[in-house]
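Participant: Sequence plus predicted model, see below.
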Amino acid sequence: HFAASHVARASGHAPAPSAAMLEGIAAGILERTIGKYVKGIDAKSLTVALWSGQIVLHDLELKREALFAFGLPVDIEAGAIGRVEVTVPWSRLGSEPIKVLIERVHLVATPIDEATWDDAQRELWEWSRKMAEVDALA
């Protein structure tokens, strides 16, 4: 172990990360980017072929507040995404886009009735709207 890491430092090359490490990194990035909209992003929901640039998520549940950030006056009663595929062109990252394909979206939404909200629901709505404004500035 010491010799391999010593050689890697001496040659200027780090040891290649393991598949499990890359899956964990991918899950963390996806959690930060789309985690505000869906539940269940973890290494178990991922099919990762990072070297080929393919990341696939299966059977994600939409969060109740997923549409709050868009200012839509609806509450998600039930929602699911069957498949999300992310294609990352590693060798052409600066010149080609990252592609995201979303399939099998099922959504049951109802109009928001603010009169029935409790303080926690109102705070969640306000927080989501503020975070959307912050994200828009970034």
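Facilitator: Noted; the coordinates are in hand.
Participant: Run through the residues that contact Ala136.
Facilitator: Ala136 makes no contacts at all, as judged by C-beta atoms under 8 Å, 6 or more residues apart in numbering. Where you see a C-beta, it was placed from the backbone N, CA and C, and this is true even at glycine.
Participant: pLDDT value on it, please?
Facilitator: Listed pLDDT for Ala136 reads 72.
Participant: Now name the helix or strand holding it.
Facilitator: If you go by DSSP states H and E, Ala136 is part of helix 119-137.
Participant: buried residues in that helix?
Facilitator: 121, 125, 128 (16 or more other C-beta atoms under 10 Å).
Participant: Without its sequence neighbours, what residue ends up closest to the second one?
Facilitator: Take Trp125 and drop its neighbours on the chain: the residue closest to it by C-beta to C-beta, 6 or more residues apart in numbering is Phe68, 5.4 Å away.
Participant: how many neighbours does the one you found have?
Facilitator: Phe68 is flanked by 25 other residues according to other C-beta atoms under 10 Å.
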